[in-house]
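# Below are the sequence and a predicted model for it; my questions follow.
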Amino acid sequence: MSDLQVRPGEHTSGRDAMHPGSSIIAPREVPLGGPRAMTVRRTLPARGRTMIGAWCFVDHYGPDDVAQTGGMVVPPHPHTALQTVSWLFSGRVEHRDSTGAHAVVVPGQLNLMTAGHGVSHSEVSTPDTTLLHGVQLWTALPFEHRDVPPSFQHHEPEPVELVGATLTVFLGSLAVADGPGATSPVTTYSPLLGAEVRLQPGAEVTLVLDPAFEHGVLLDRGELHVNGCPLERSHLLHEAPGPTTMTLTAAAEGADAIVLGGTPFGEEIVMWWNFIGRTHEDIVTAREQWQAELASAQDGRFGAVDYPGDSLPAPALPPVRLRPRA
């Protein structure tokens, strides 16, 4: 998914002040496009918390009636130095990118695109989609891997049935106390965790955590307590490194949540629009190269996407120097 804001903010991260224990990030609503466009609820980046591990972008959307919102229509746009993680709860989204990948994102299946040096892609909900509901996530690539060749991976993880819950791990590994865990074979470039947990009414699950990771829990549906702390829908709970377990408890209607994790990133990045770089010059160069490709209609750093319409032009840069800061 693209960041379609006309005046996207500059986000710098990598050396956040540590938040001891747990903190909760409230979402902000961001419209994707015009007045009838779908709206997403964004929790990362946020003021005071720009990353959880390498996770640097968290959008939660739906369930949206496509007849009312028009669904997802995101023309070709560029990315650098990140991976996009698409995970749906309902609906279908057609993905096309400049590596030649053409896939349909469906619930329960992971589509992961690595931008690396540069890629472009489009995302459009399919004509048969009536309700669109999911999350769109980005992870920042570490400095040594920021220029890897672009690629695309598709994976259908096997759900693990627990007592009163279902666990689906789409990135990394996750275990539960007194039950089986799961591991995803998908390639990432830093230690990461991504999983969906569906809890039946009144169910409780204790996750076994890597104490070197920081973690996030995004509530998609229902009522949930995380280690006794209530979490509202679309809010993101952040847990600092250290704990070895986390207990999720659902209320009477059950709950569905996304669990994220990773080792603290430890690098400064500049994230502006759909680009990640380390310096102001990285962003300026990427933007200039994308605009030049649009003007010339020739393939370059970002390649071409088989798409029936125009690509998205980059917004104007802010009139200040973009710079990482602690």
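It's in. Just so it is clear, the structure is predicted and the values come from calculations on it, not from any experiment.
# Can you list the low-confidence ranges for this protein?
Along the chain, the parts satisfying pLDDT under 70 run over 1-20, 33-37, 325-326.
# Can you give me the first-to-last residue distance of stretch 163-180?
Stretch 163-180 has an end-to-end distance of 10 Å (Cα to Cα, to the nearest Å).
# Buried residues in that stretch, which are they?
Neighbour counts over stretch 163-180 (16 or more other Cβ atoms under 10 Å) mark 165-176, 179 as buried. (Each C-beta comes from the backbone N, C-alpha and C, glycine too.)
# next one: stretch 303-321
303, 304, 305, 311, 312, 314, 315, 317.
# try stretch 55-65
Result for stretch 55-65 [16+ other Cβ under 10 Å]: buried residues 55, 56, 57, 58, 59, 60, 61, 62, 64.
# which phi and psi does residue 69 have?
Backbone torsions of residue 69, given as degrees, to the nearest 10, read phi -100, psi -20.
# still on that earlier bit, which of the buried residues of stretch 55-65 lies closest to residue 323?
residue 56 (16.9 Å; Cβ to Cβ).
# contacting residues for the closest one?
Residue 56 sits next to 11, 13, 44, 45, 50, 82, 138, 139, 140, 269, 271, 276 when contact means Cβ atoms under 8 Å, 6 or more residues apart in numbering.
# Quick one: list the elements packing against the helix or strand containing residue 250.
Element membership of residue 250 [criterion: DSSP states H and E] is strand 245-262. Under the contact definition 3 or more Cβ pairs under 8 Å, 6 or more residues apart in numbering; DSSP states H and E, strand 245-262 sits against strand 55-65, strand 131-140, strand 192-199, strand 204-208, strand 214-226.
# hang on, the earlier thing: next step: the contacts of residue 56 restricted to strands.
11, 13, 44, 82, 138, 139, 140, 269, 271, 276 (DSSP state E).
# Out of those residues, which is nearest to residue 105?
residue 138 (15.2 Å).
# what's the neighbour count on that closest one?
25 (other Cβ atoms under 10 Å).
# contacting residues for the residue nearest to it when sequence neighbours are not counted?
In space, and not counting its chain neighbours, residue 138 is closest to residue 57: 3.6 Å by Cβ to Cβ, 6 or more residues apart in numbering. Going by Cβ under 8 Å, 6+ apart, residue 57 touches 3, 42, 44, 45, 82, 136, 137, 138, 271.
# Go through these and say which is closest to residue 93.
residue 136 (9.5 Å).
# Now the residue most central in space within the chain: closest residue in space, sequence neighbours ignored.
Closest residue to the average C-alpha location of the chain: residue 137 at 0.5 Å, with Cα atoms, centre = their mean. Excluding the flanking residues, the one nearest residue 137 by Cβ to Cβ, 6+ apart is residue 85, at 4.1 Å.
# partners of the helix or strand harbouring the one you found in the sheet?
Under the criterion of DSSP H and E, residue 85 resides in strand 82-90. Here strand 82-90 has these sheet partners by DSSP bridges: strand 110-114 (antiparallel), strand 131-140 (antiparallel).
# JSON lines for the ones you listed, including distance to residue 288?
Formatted as JSON lines, the strands paired with strand 82-90 follow (distance: least, Cβ to Cβ, whole Å):
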{"stretch": "strand 110-114", "distance to residue 288": "23"}
{"stretch": "strand 131-140", "distance to residue 288": "22"}
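# Of all those, which one is nearest residue 91?
That would be strand 131-140 among the strands paired with strand 82-90, by Cβ to Cβ, at 3.9 Å.
# which parts of the closest one are buried?
132, 133, 134, 135, 136, 137, 138, 139, 140.
# Those into a markdown table, with extra columns for distance to residue 187?
Putting the buried residues of strand 131-140 into a markdown table (distance: Cβ to Cβ, whole Å) gives the following:
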| residue | distance to residue 187 |
| --- | --- |
| 132 | 28 |
| 133 | 27 |
| 134 | 22 |
| 135 | 20 |
| 136 | 19 |
| 137 | 16 |
| 138 | 16 |
| 139 | 12 |
| 140 | 15 |
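# Could you point out which of those residues is nearest to residue 258?
Nearest to residue 258 among these, with distances taken as Cβ to Cβ, is residue 135, at 5.8 Å.
# what's the distance between the closest one and residue 62?
Residue 135 is 9 Å from residue 62, where distance means Cβ to Cβ, to the nearest Å.
# Any chance of the backbone angles for the closest residue to residue 200 other than its chain neighbours?
Counting by Cβ to Cβ, 6+ apart, the nearest residue to residue 200 once its immediate chain neighbours are dropped is residue 164, at 4.7 Å. When read as degrees, to the nearest 10, the backbone of residue 164 gives phi 80, psi 10.
# Thanks a lot, catch you later.
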